[in-house]
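>>> have a look at this prediction, sequence included:
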Amino acid sequence: MGIATDKLLEEALLLPADERASLVEKLLQSLNLPTEAEINRLWVEEAERRVSQIETGKVELIPGEQVLAKIRAKYKR
């Protein structure tokens, strides 16, 4: 971090906990990251897509033990 950032961090750490939490929330919002609701929606869409692929036969299911055996063989465990 730069000198200005270090100074800002030092000052921010002097704030009461509730104000630091508010500051963190505002900084995270400024990054335009997906919200929890958006992430959940995307996971639901992905799950529905995968179920559809299974139901239509577009993907082949592989038993878990077969997958684990292949991984163990690859890494000799």
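Received it, and whenever you're ready, just let me know what you need. Residues are numbered from 1 along each chain as shown.
>>> what's the helix or strand for residue 37?
For residue 37, the host element (DSSP states H and E) is helix 36-55.
>>> sorry, slip of the keys, the one I care about is residue 60.
When elements are assigned from DSSP H and E, residue 60 belongs to no helix and no strand.
>>> from now on call the first residue 19
Sure thing, new numbering starts at 19, so read that last one as residue 78.
>>> what about residue 27, neighbour count?
Neighbourhood size, residue 27 [other C-beta atoms under 10 Å]: 10. For every residue, glycine as well, the C-beta is placed using N, CA and C.
>>> that one reaches residue 21, doesn't it?
No. Residue 27 is not in contact with residue 21 according to C-beta atoms under 8 Å; the separation is 10.8 Å.
>>> relative to residue 54, how far out is residue 40?
Note on residue 40: its distance to residue 54, by C-beta to C-beta, to the nearest Å, is 18 Å.
>>> do the same with residue 45
17 Å.
>>> same question, residue 84
Residue 84 is 35 Å from residue 54, by C-beta to C-beta.
>>> can you list the neighbours in contact with the helix or strand hosting residue 37?
Residue 37 is part of helix 35-48 when elements are defined by DSSP H and E. Residues outside helix 35-48 that contact it (C-beta atoms under 8 Å, 6 or more residues apart in numbering): 30-31, 33.
>>> in helices only, show me those residues.
Counting by DSSP state H, the part of the contacts of helix 35-48 found in helices is 30-31.
>>> ok, so of the contacts of helix 35-48, who is nearest residue 73?
Residue 73 lies nearest to residue 30 out of the contacts of helix 35-48, by C-beta to C-beta, at 51.5 Å.
>>> need the contact list for residue 76.
Residue 76 neighbours (C-beta under 8 Å, 6+ apart): residue 70.
>>> give the rounded mean pLDDT of the helix holding residue 37.
Per-residue pLDDT over helix 35-48 has a mean of 95.
>>> report the distance from it to the chain centre.
Its chain's average C-alpha position is 19 Å from that of helix 35-48, according to C-alpha atoms, centre = their mean, to the nearest Å.
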